[in-house]
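Asker: below are the sequence and a predicted model; questions follow.
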Amino acid sequence: MEKLNNLEEKTGSFPRVPLAHLPTPIEQMKRLSAGFDGIDLLIKRDDGTGLAFGGNKARKLEFILADALAKNADTIITWAGVQSNWCRQTAAAAARLGLRSIVVLFRKPGGSTEPDGNLLLDTIFNARVEIVEASAETKMMELSGVAGVIDALVEEEQNAGRVPYVASIGGSRVEGSMTEPLGALGYVEAFSEIFLQTSAMGRVPDAIVLATGSGSTQAGLLVGAMILSPETKIIGISVSEEKETMSRYVREISEATLDLLGVDQRLEEDDVIVLPEYLQEGYGIMTREVADAIDLVATTEGILLDPVYTGKAMSGLIDLIGRGFFPEGSTVLFLHSGGTPALFPYRYDLIKHLDR
Ligand SMILES: Cc1ncc(COP(=O)(O)O)c(C=O)c1O
C-alpha cells in the first residue's frame, strides 16, 4: 500500500477540477461469466462518471481543464468525429466551468449530421459546432492532420480578444495547448482506484480489457499497472487504428506519463498490448459481432454498451475468451468507458442485427 500512497500523492499534486462522480463501482458480471468456463468477469463502470451521460473523458477533463484555467483560457477548442463522446463531455465540462467550447467535427463521406446522440448534446451545451468534411486522407488522430482548421479557429479567437486552449483529440496526445499527458493522468488515477477496490475484493485482475482509440486511457492504466501491479496485463482493443500506429500512440503517451510522474521505469517492448483484429471494417462501423456483444451484455447483465467503443471491445473480449487467450481461473476486468449516447444514431444498424 506504500506504493499506492506514493502514487496517489503524486497524481494528487496536479491541479484538478471536480467533474466526475468518483469512485465508480466495480461490479461482478455473474450471469455473463457463467457462460465462460473458468473466467471471472468484472466491469468497471466508468459509464457512470456522471458528466453528461458519463464516460472515460470525465477523468481526463478534470486535469485538462484545470490546466486550461491555469493558462487563463476562456475557450476550449477540440476536434473529433461527428458522434464524438470526447467532444460531448468537453462541451459539458466547459459549460460547467463557464468556458466557451468550439468542437470541430469531421464528417466521413455519407455520415449523418442529424441532431442526434452526441451531436444533439453538443448543441444543448451550446458548443460552437463546426462540421468539416473529412477525406480518406484526413489523419484525425494527430493535430498535424487537422492543423489547418484548428489554427484558423485559434487565430479567429485571438483576434476577438479571447484566450483559446487547444485540447488534443480524446485528451490524449501531448500537442496543442497540452504540454503534459494530462488525460493519461486521469487513468493512472483510475488504476489506483481499481487496485484499491479489487484488493479489497481479494482479486486484483490478471487483465484489464478496454477499447483504445486515441490512446491515453490505455496509457494511463498501463503506467498505473507498471507501478502498482505489473502482473496485470492492459489489453487495448483498437477501435480506430492499425496495430503499429495505435501501439505508437500508447507507447509515446505512456513514456510521457512516466516522465511526468518522475518514474524511472521504462516500458518493455511487450508491455503495450494492442489488438487490431476487432477493428474489422473500421472505426465506427457496426458489425454483427458488435451487435451480438451489445445484445449479450444487455440481456445477461442489464448493462448498455455502445456501438463504437465498448461493444467492439466486448466483442473482442468474448472472442479472446473463446480462443483460450486467458488461462483458466483468470479474473478479467472490462473497462466500461461510456459512449452510450451513440446507441441512438446507430439505432437502424443495431435493429438490423438484433434478432427480436
Ligand atoms: C466510449 C469510449 N470508450 C473508449 C474510448 C477510447 O479512449 P482513448 O481515446 O483514451 O483511447 C473513447 C474515446 O476515444 C470513448 O469515447
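Answerer: That came through fine.
Asker: what packs against the longest helix seen in the chain?
Answerer: If you go by DSSP state H, the chain has its longest helix at helix 182-201. If contacts are counted by 3 or more C-beta pairs under 8 Å, 6 or more residues apart in numbering; DSSP states H and E, helix 182-201 sits against helix 2-11, strand 26-28, strand 40-45, helix 57-70, helix 216-228, helix 243-260, strand 331-336. Just so you know, the C-beta spots here come from the backbone N, C-alpha and C atoms, and that holds for glycine as well.
Asker: let's have those in JSON lines, adding mean pLDDT and mean neighbour count.
Answerer: Shown next, in JSON lines, are these (pLDDT from 0 to 100; neighbours: other C-beta atoms under 10 Å):
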{"stretch": "helix 2-11", "mean pLDDT": "95", "mean neighbour count": "14"}
{"stretch": "strand 26-28", "mean pLDDT": "98", "mean neighbour count": "16"}
{"stretch": "strand 40-45", "mean pLDDT": "98", "mean neighbour count": "22"}
{"stretch": "helix 57-70", "mean pLDDT": "98", "mean neighbour count": "25"}
{"stretch": "helix 216-228", "mean pLDDT": "98", "mean neighbour count": "28"}
{"stretch": "helix 243-260", "mean pLDDT": "98", "mean neighbour count": "20"}
{"stretch": "strand 331-336", "mean pLDDT": "98", "mean neighbour count": "25"}
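Asker: now render the ones you listed as JSON lines, adding distance to the ligand.
Answerer: Shown next, in JSON lines, are the helices and strands packed on helix 182-201 (distance: least, C-beta to the nearest ligand atom, whole Å):
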{"stretch": "helix 2-11", "distance to the ligand": "17"}
{"stretch": "strand 26-28", "distance to the ligand": "17"}
{"stretch": "strand 40-45", "distance to the ligand": "12"}
{"stretch": "helix 57-70", "distance to the ligand": "7"}
{"stretch": "helix 216-228", "distance to the ligand": "3"}
{"stretch": "helix 243-260", "distance to the ligand": "8"}
{"stretch": "strand 331-336", "distance to the ligand": "8"}
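Asker: so which of those gets nearest Ala147?
Answerer: Of all the helices and strands packed on helix 182-201, helix 243-260 sits nearest to Ala147, with 17.4 Å by C-beta to C-beta.
Asker: give the next helix or strand downstream of the closest one.
Answerer: Next along the chain after helix 243-260, taking DSSP states H and E as the criterion, comes strand 273-275.
Asker: each with direction, which strands does that following strand pair with?
Answerer: Next to strand 273-275 in the sheet, as set by DSSP bridges, lie strand 233-238 (parallel).
Asker: which residues are contacting the partner strand?
Answerer: Outside strand 233-238, the residues that touch it by C-beta atoms under 8 Å, 6 or more residues apart in numbering are 206-213, 215, 218, 221-222, 225, 246, 250, 272-276, 278-279, 312-313, 316-317, 320.
Asker: could you redo the last one with a cut-off of 6 Å?
Answerer: 207-209, 211-212, 218, 221-222, 225, 246, 273-276, 278-279, 313, 316 (C-beta atoms under 6 Å, 6 or more residues apart in numbering).
Asker: and what of stretch 299-316?
Answerer: Contacts of stretch 299-316 (C-beta under 6 Å, 6+ apart): 29, 31-32, 211, 237, 239, 278, 284, 286, 289-290, 293-294, 297, 336-337, 339-340, 342, 346.
Asker: give me the subset of those residues lying in strands.
Answerer: Among the contacts of stretch 299-316, the members found in strands (DSSP state E) are 211, 237, 336.
Asker: show me the contacts for the last one.
Answerer: I take that to be His336. 43, 45-47, 310.
Asker: how far away is the residue of the stretch 1-150 of the chain found nearest the ligand from Asp47?
Answerer: Residue of the stretch 1-150 of the chain nearest the ligand, by C-beta to the nearest ligand atom: Asn85 (3.3 Å). Note on Asn85: its distance to Asp47, by C-beta to C-beta, to the nearest Å, is 10 Å.
Asker: which residues do the two both contact?
Answerer: By C-beta under 6 Å, 6+ apart, Asn85 and Asp47 have these common neighbours: Gly338.
Asker: more neighbours, the two?
Answerer: Between Asn85 and Asp47, counted using other C-beta atoms under 10 Å, the more crowded position is Asn85 (29 against 23).
Asker: can you pull the contacts of the more buried one?
Answerer: By C-beta under 6 Å, 6+ apart, Asn85 lies in contact with 55, 338-339.
Asker: go again using 8 Å as the cut-off
Answerer: 55-57, 118, 309, 338-339, 341-342.
Asker: in JSON lines, list these along with distance to Ser13.
Answerer: Below are the contacts of Asn85 laid out as JSON lines (distance: C-beta to C-beta, whole Å):
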{"residue": "Gly55", "distance to Ser13": "26"}
{"residue": "Asn56", "distance to Ser13": "22"}
{"residue": "Lys57", "distance to Ser13": "22"}
{"residue": "Asn118", "distance to Ser13": "33"}
{"residue": "Tyr309", "distance to Ser13": "31"}
{"residue": "Gly338", "distance to Ser13": "27"}
{"residue": "Gly339", "distance to Ser13": "31"}
{"residue": "Pro341", "distance to Ser13": "34"}
{"residue": "Ala342", "distance to Ser13": "35"}
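Asker: ok so, going back, taking the contacts of stretch 299-316 one by one, which sit in helices?
Answerer: 31-32, 289-290, 293-294, 297.
Asker: out of these, who's the most crowded?
Answerer: The most crowded member of the ones in helices among the contacts of stretch 299-316 is Val290, carrying 29 neighbours; neighbours defined as other C-beta under 10 Å.
Asker: that concludes my questions; thank you for your assistance.
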